[in-house]
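Colleague: next come a sequence and a model predicted from it.
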Amino acid sequence: MFSSYFTKAASCRTCSLQWRRGDVGFELGAAAMAAIITLGPLLLVLLALVIVTWPEIEVVPLFVVLGIGAVLLPFVAYPRAYLMWQAIDIVMRPVEPTDFVLDAEPERSGDEDVRPRDA
Ligand SMILES: [Zn+2]
């Protein structure tokens, strides 16, 4: 669903599922996933380094390691956060036929009788 690492395609190139499916807050969920993906490992590293170096915690190396992680992890997390949120969104709101670009409005074949029936 990405045309490049930082560029979302309008829809999935395989199945044509759209990113946004009638909601207005999709990016908020993706941002929350990015925060979880970024902050989770940082907190685990912080906890591990504090436990390993206790009671003489080296604050400067700790900030250097966590600072590098805080700068790099959002780049790693960016496309993964969108895909993870899309997966959660699909579980919470199952996909409808109208969520696909190509199948948004199936055309009538013309041989169905749409005239009102006489009473
Ligand atoms: Zn797809």
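Modeller: Structure received.
Colleague: which residues of the protein lie near the ion?
Modeller: For the chain, the contact set with the ion under Cβ under 5 Å from the ion comprises 12, 14-15, 17. In this view, the C-beta of every residue, glycine as well, is placed from N, C-alpha and C.
Colleague: biggest separation within those residues, which pair?
Modeller: Distance extremes for these: the farthest pair is Thr14 and Leu17 at 8.5 Å, using Cβ to Cβ.
Colleague: what's the distance between the spatially most central residue of the chain and Gly25?
Modeller: The chain has Tyr82 as the residue nearest its centroid, 1.8 Å off, counting by Cα atoms, centre = their mean. Remark: distance between Tyr82 and Gly25 (Cβ to Cβ, to the nearest Å) = 13 Å.
Colleague: list the buried residues for the top helix by length along the chain?
Modeller: Longest helix in the chain, counting residues (DSSP state H): helix 59-92. For helix 59-92, burial by neighbour count (16 or more other Cβ atoms under 10 Å) applies to 66, 69, 73, 77-79, 81-82, 84-86, 89.
Colleague: repeat that for stretch 14-26.
Modeller: Judged by neighbour count using 16+ other Cβ under 10 Å, the buried positions of stretch 14-26 are 17-19, 21, 26.
Colleague: nearest to the ion, of the residues you listed?
Modeller: Of all these, the ion sits closest to Leu17, with 4.8 Å by Cβ to the ion.
Colleague: identify the residues contacting the closest one.
Modeller: Residues in contact with Leu17 (Cβ atoms under 8 Å, 6 or more residues apart in numbering) are 1, 11, 95, 99-101.
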